[in-house]
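[1] pasting the structure only:
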């Protein structure tokens, strides 16, 4: 009996130790930065390379919250993030016009590609126009897997549907996953459907997917990433100093150089093209 | 099938090579879920036992609420905890969103009704005459409670297992309030979701296997304690 109490005491002691060790993990507020970004920057692994460099250089601790661009911007609007790295230019412009951001700078781009099963039931392979391809998919009623999560990719997809003038909402062949890009690609591969994906995530996953790039190169398929500092005038708790440091870091020469070569070794081609200082209109030329 | 074998191989290598990142993730899972379970035990056992031993108007409603709480979806807890902990939310002054502490909080909210419900059922099941007997022997109310809890020990250990099992395996709340931040708030379940999204199925499977192993080892220990109790 005595021996047993001893055991219980040990257990309690261990637990107490655990609680104490827990309290040491909370970080000081002014040294942390909340970065709201898209799943594509995380799923490609780019941020895993960049964030440690930034942290080492500046001493800030970065909390990367990888969600869709839509949710990331909502976090910015509510002052729950300090800096955004997203790819939804139309929505971002509105974000700036409404005064939620203070500075928005071009960081990099890659492009979207239309991927699908290699037997290509809608016969879109090689088409030059994304709108044309979407129209053909609609008339063939070929299964299309949409992100459906207000992400940058989803916004782009809706933009193309609109341009194509095809009816898609509520159609049986049009399905929404509500998931990130990686998972949506997996769903498309399993169901032999088409989807719109950013090239970075597609390349990072290509080895496990049975999907091929069918349409690429259309100017409308450009995928542009900007870094935006959230306006501290609206939300005083926003850490603007850290946000600015991060935005400066993203457009710095050193970072741009890393972006330029990131992925070459692993995937045979770069996943992103650095664009700091350029104009959006000049991209893809 | 190849993929699963690949995953098992990967899990083995990650374990024998003491991969620091995986070790960190595993340790954090244990720390967060262990602490959350502990908090839920303190609250759950006291509330469960109190409700089991008292009679008051509306008691059935309270009991049914507790039982409903046992099915509380983690993602719902995650949503409410996130909104409360937002910088500009009601508890924002604490500044703990996207920290392991926030994950402990959310997981404690998930586990507490489970522990409460099982405690309630366990204590209620004890013969009513036992209470009278204990009191007749001159015990104070607090002593009586302590004896009753000890009597219900077997079921209470089941409550520990259910509570811990519930939180170590949940992902919805952890990813929302913790943010799955590398080296900081990434636990086994959230890492598995992320690796799946990245198409690294072998790593995802490896993490799942580690999670299952961990859950098994802990339940093994608890079961040992429970079954040894039974034999006496």
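    Cool, the structure landed. None of these values were measured; they are calculated from a predicted model. Numbers count the residues shown, from 1 in each chain, chains lettered A, B, ... in the order given.
[2] switch to C-alpha atoms for all contacts and neighbour counts from now on
    Fine.
[3] tell me where the model's unsure across the chain.
    Since no chain was named, I'll use chain A. Per-residue confidence of chain A (counting by pLDDT under 70) places the weak regions at A:1-29, A:284-285.
[4] can you look at chain B instead?
    Ranges of chain B meeting pLDDT under 70: B:1, B:230-232.
[5] and it, which residues reach chain A?
    Taking C-alpha under 8 Å from any C-alpha of the partner chain as the test, the list of chain B residues beside chain A reads B:31, B:35, B:38, B:86-88, B:95-96, B:98-101, B:179-181, B:194, B:196-200.
[6] mind doing that once more with 6 Å?
    B:179, B:181, B:197, B:198, B:199 (C-alpha under 6 Å from any C-alpha of the partner chain).
[7] how near is the closest residue to the fourth one other than its chain neighbours to residue A:239?
    Computed as C-alpha to C-alpha, 6 or more residues apart in numbering or on different chains, the closest residue to residue B:198 that is not its neighbour in sequence is residue A:43, at 5.0 Å. The gap separating residue A:43 from residue A:239 is 26 Å, by C-alpha to C-alpha, to the nearest Å.
[8] neighbour count winner among these two?
    The neighbour comparison of residue A:43 against residue A:239 (other C-alpha atoms under 10 Å in any protein chain shown) goes to residue A:43, with 26 against 23.
[9] could you check how far the residue positioned nearest the centre of chain B is from residue B:202?
    Residue closest to the mean C-alpha point of chain B, counted by C-alpha atoms, centre = their mean, is residue B:164 at 3.1 Å. As defined by C-alpha to C-alpha, residue B:164 lies at a distance of 26 Å from residue B:202.
[10] again, but for residue A:168
    Computed with C-alpha to C-alpha, the distance linking residue A:168 and residue B:202 is 36 Å.
[11] just the closest residue of chain B to chain A, please.
    Closest approach between chain B and chain A, counting by C-alpha to the nearest C-alpha: residue B:197, at 4.4 Å.
[12] who in the stretch 101-250 of chain A is up against chain B?
    Among all residues of the stretch 101-250 of chain A, those adjacent to chain B (criterion: C-alpha under 6 Å from any C-alpha) are A:182, A:183, A:205.
[13] how many residues are close by the residue of the stretch 101-250 of chain A found nearest chain B?
    Per C-alpha to the nearest C-alpha, the residue of the stretch 101-250 of chain A with the smallest distance to chain B is residue A:182, at 4.4 Å. Number of residues near residue A:182 (other C-alpha under 10 Å) recorded here: 24.
[14] residue B:196 is in contact with that one, correct?
    No: between residue A:182 and residue B:196 no contact is recorded; they are 7.7 Å apart, counting by C-alpha atoms under 6 Å.
[15] that older thread, skipping adjacent residues, who's closest to the residue of chain B closest to chain A in space?
    The shortest distance from residue B:197 to any residue that is not its chain neighbour, by C-alpha to C-alpha, 6+ apart, is 4.4 Å, and that residue is residue A:182.
[16] please list all residues in contact with residue A:68.
    Applying C-alpha atoms under 6 Å, 6 or more residues apart in numbering or on different chains to residue A:68 gives the contacts A:38, A:151.
[17] phi and psi next, for it.
    Dihedral pair for residue A:68: phi -70, psi 160, per degrees, to the nearest 10.
[18] do the same with residue A:109
    Torsion angles at residue A:109 (phi, psi; degrees, to the nearest 10) stand at phi -150, psi 160.
[19] please apply the same query to residue A:175.
    phi -120, psi 140.
[20] for it, give me its contacts.
    In this structure, residue A:175 makes contact with A:145, A:146, judged by C-alpha under 6 Å, 6+ apart.
[21] distance of it from residue A:197?
    Applying C-alpha to C-alpha to residue A:175 and residue A:197 gives a distance of 15 Å.
[22] which parts of the one helix or strand residue B:204 maps to are buried?
    When elements are assigned from DSSP states H and E, residue B:204 belongs to helix B:201-231. Residues of helix B:201-231 classed as buried: B:201-211, B:214-215, B:219, B:222-223, B:226 (neighbour count, 16 or more other C-alpha atoms under 10 Å in any protein chain shown).
[23] now the closest residue in space to residue A:81 that isn't next to it in sequence, which residues is it bridged with?
    Leaving aside its chain neighbours, residue A:81 sits nearest to residue A:34 (5.0 Å; criterion: C-alpha to C-alpha, 6+ apart). Beta-bridge partners recorded for residue A:34 (DSSP bridges): residue A:63.
[24] pretty sure residue A:34 is touching residue A:85, no?
    No: under the criterion of C-alpha under 6 Å, residue A:34 is not in contact with residue A:85, lying 11.0 Å apart.
[25] pick out whichever of these two has more residues nearby.
    Comparing residue A:34 with residue A:85 by neighbour count (other C-alpha under 10 Å), the higher total belongs to residue A:85, at 25 against 22.
[26] which ones are touching that one?
    Contacts of residue A:85 by C-alpha under 6 Å, 6+ apart are A:37, A:226, A:227.
[27] what about it, which SS state?
    Using DSSP: H, G, I helix; E, B strand; the rest coil, the structure places residue A:85 in strand.
[28] which residues does it bridge with?
    Beta-bridge pairing of residue A:85, defined through DSSP bridges, involves residue A:37, residue A:227.
[29] quick one: it and chain B, what's the gap?
    Using C-alpha to the nearest C-alpha, to the nearest Å, residue A:85 is found at 16 Å from chain B.
[30] show me which positions of the longest helix seen in chain B end up buried.
    When chain B is scanned for its longest helix (criterion: DSSP state H), the result is helix B:20-53. If you call a residue buried by 16+ other C-alpha under 10 Å, then helix B:20-53 has these buried ones: B:22-26, B:28-41, B:43-52.
[31] now stretch A:49-57
    Neighbour-count burial for stretch A:49-57, with 16+ other C-alpha under 10 Å as criterion, is recorded at A:51, A:54.
[32] who's in contact with that stretch?
    Surrounding stretch A:49-57, the residues in contact under the criterion C-alpha under 6 Å, 6+ apart are residue A:61.
[33] any idea which element residue A:112 lies in?
    In this structure, residue A:112 sits in strand A:101-116 according to DSSP H and E.
[34] quick one: buried residues of that strand?
    When neighbours are counted by 16+ other C-alpha under 10 Å, the buried residues of strand A:101-116 are found to be A:101-102, A:104-116.
[35] could you pull out the helices in the chain for me?
    Let's take chain A. Taking DSSP H as the criterion, chain A carries its helices at A:2-23, A:39-43, A:46-58, A:69-77, A:89-97, A:130-140, A:152-164, A:181-191, A:199-205, A:240-251, A:253-261, A:264-267.
[36] can you look at chain B instead?
    Counting by DSSP H, chain B has helices at residues B:2-16, B:20-53, B:59-69, B:74-85, B:100-125, B:128-136, B:141-151, B:153-168, B:172-178, B:188-197, B:201-231.
[37] just the angle for the second one relative to helix B:100-125, thanks.
    Taking axes from the mean of the first three to the mean of the last three C-alpha atoms, to 10 degrees, one finds helix B:20-53 and helix B:100-125 inclined to each other by 40 degrees.
[38] against which helices or strands is helix B:20-53 packed?
    Of the remaining helices and strands, those touching helix B:20-53 by 3 or more C-alpha pairs under 6 Å, 6 or more residues apart in numbering or on different chains; DSSP states H and E are helix B:100-125, helix B:153-168.
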